[in-house]
Structure formats: structure tokens, C-alpha cells
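Trainee: This is a predicted model, with the sequence first.
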Amino acid sequence: MLTVRKAQERGHARHGWLESYHTFSFAGYHDPRFMGFRDLRVINEDRVQPKQGFGTHSHRDMEIVSYVLEGALAHEDSLGTGSVIRPGDVQRMSAGTGVSHSEFNHSPDELVHFLQIWILPERDGLAPSYEQKHFAPEERRGRLRLVAAPDGRDGSIRIHQDVALYATLLGAGDELSHALRPGRHAWVQVARGTCALNGVLLEAGDGVAVSDETSLRLSDAKDAEVLVFDLA
């Protein structure tokens, strides 16, 4: 069964320096029908204006993944981490027992466009930690590249939950499949472009909850960038 969450039906917040679309309930946006899916709790599509950013704030007991589509997002946290996240980078911050962090767009003229993803951890009280890796376009083009997994296999970042996150870039003529083991679910998020999932046409910003299916088939793509979450 495929349940489509259309881009234009998401929650929307405009704060001047930040424009954000919420796939699931978040902050001041609440919809009891969309509180998350399995262990996936947040997918926010954020655009941060030049010379603006998120001031220092705190989280706990959450796996926070950032996936940048455009621009460069500077990150600092109470673990002593200082980094810049650019397209192709995947960042995971385990808030655990508590962490403070900030993100800022230092560019004078380019916005930052990124996906902010929250996943419930396997248990509360983990030690806070941070990891970031780069996945070049050629690693993702025409194939599902594993970018996050519980065991960090195949050079992915480690995530503290039974979730495998894949990223792909698809163009005309590209087609790929992903098998779902019995009892597994999936969430498919189209970050850019268009493609079809099991014959259902999707556009940028659309997401799909998948249950009781044996496989996913992505096809009919046009300049698509897609994330696939394989979930317990």
C-alpha cells in the first residue's frame, strides 16, 4: 500500500530568514494524521536566507540527519564539532543525553536548501555523537547508495536505529528497484525533480509511506534526487 503525502499539503512556516515545509507535525504545525511514520519523526525542507541561521538550541534523545541540496551550512555544537555541510554530505548528530548546536548560512548571496530529518533512537540516554560523510554524485547516480545504517556498512554513517537510508540521483531512462523484506516498511521522499514509484508519479516535495509491499520501483525520472528510508 502506498500513501502519498503531496508537497502542497505539507505544513508551511515562513519566518523571513527561514522558509520551511513540514512533512510531519512540527513546532506550531500540528496534524494528528501526520505525526511521523514508524521511527521517522521529522522531514523538514528548509531554505535559509544568506547571512542567517539557527541560533544555539538544544535537543536530546533524537537522531538528527541533515542532507544539503544547495549551498553550504555551517554547524557548531557543544561536542566541539565545527563543520560545513555541502551538497553530497550527510550529517548525523545523535542528541542522546543532550547537545546544543547551531547552523548558519555564511554566504552573502546564496541560500541554503536542505532536508532536516529526525529519527527516534533505539533507546534514550545514548551518549551524544556526531558523524559526517560525503557521497559524490557518481556514487548516487542511477543507483541507491546506502548513506546511513545501524552498522555503518558500505561506508555509510552510523545511525542508532533499525533504519537504512539510501540516496539516489535519477535521470531519463534510469530505473531501479529495492526489495523490502517481510515486515519492513519504507518512506520515499522526492527532494528534487520528478519520478514514479511503483507507477505512481511523484513531484519534488512529495513523500510516500509504503507498507505491505515486497519491492519499490523507481522509474520515469526527470532530474530526480530521492531519499529512500527502509524502516522496521
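Mentor: On my side now, so go ahead.

Trainee: and the nearest residue to residue 93 once chain neighbours are set aside, bridged to which residues?
Mentor: Beyond its immediate neighbours in the sequence, the residue positioned closest to residue 93 (CB to CB, 6 or more residues apart in numbering) is residue 64, lying 4.7 Å away. For the C-beta atoms, the positions are set from N, CA and C on the backbone; glycine is no exception. Under DSSP bridges, the beta-bridge partners of residue 64 are residue 93, residue 118.

Trainee: burial measure for residue 64, as a count.
Mentor: Under the neighbour criterion other CB atoms under 10 Å, residue 64 is assigned a count of 19.

Trainee: Check what pLDDT it gets.
Mentor: At residue 64, the model reports a pLDDT of 96.

Trainee: now swap in residue 82 and tell me
Mentor: The pLDDT attached to residue 82 in the predicted structure is 87.

Trainee: Show me the beta-bridge partners of it.
Mentor: Beta-bridge pairing for residue 82 (DSSP bridges): residue 76.

Trainee: Just to check, it is in contact with residue 76?
Mentor: Yes. Here residue 82 reaches residue 76: they are 5.2 Å apart, a contact under CB atoms under 8 Å.

Trainee: what about the two, which has more around it?
Mentor: In this view residue 82 and residue 76 are compared by other CB under 10 Å, and residue 76 has more residues nearby, 15 against 9.

Trainee: Quick check: the gap between that one and residue 46.
Mentor: Counting by CB to CB, to the nearest Å, the separation of residue 76 from residue 46 is 17 Å.
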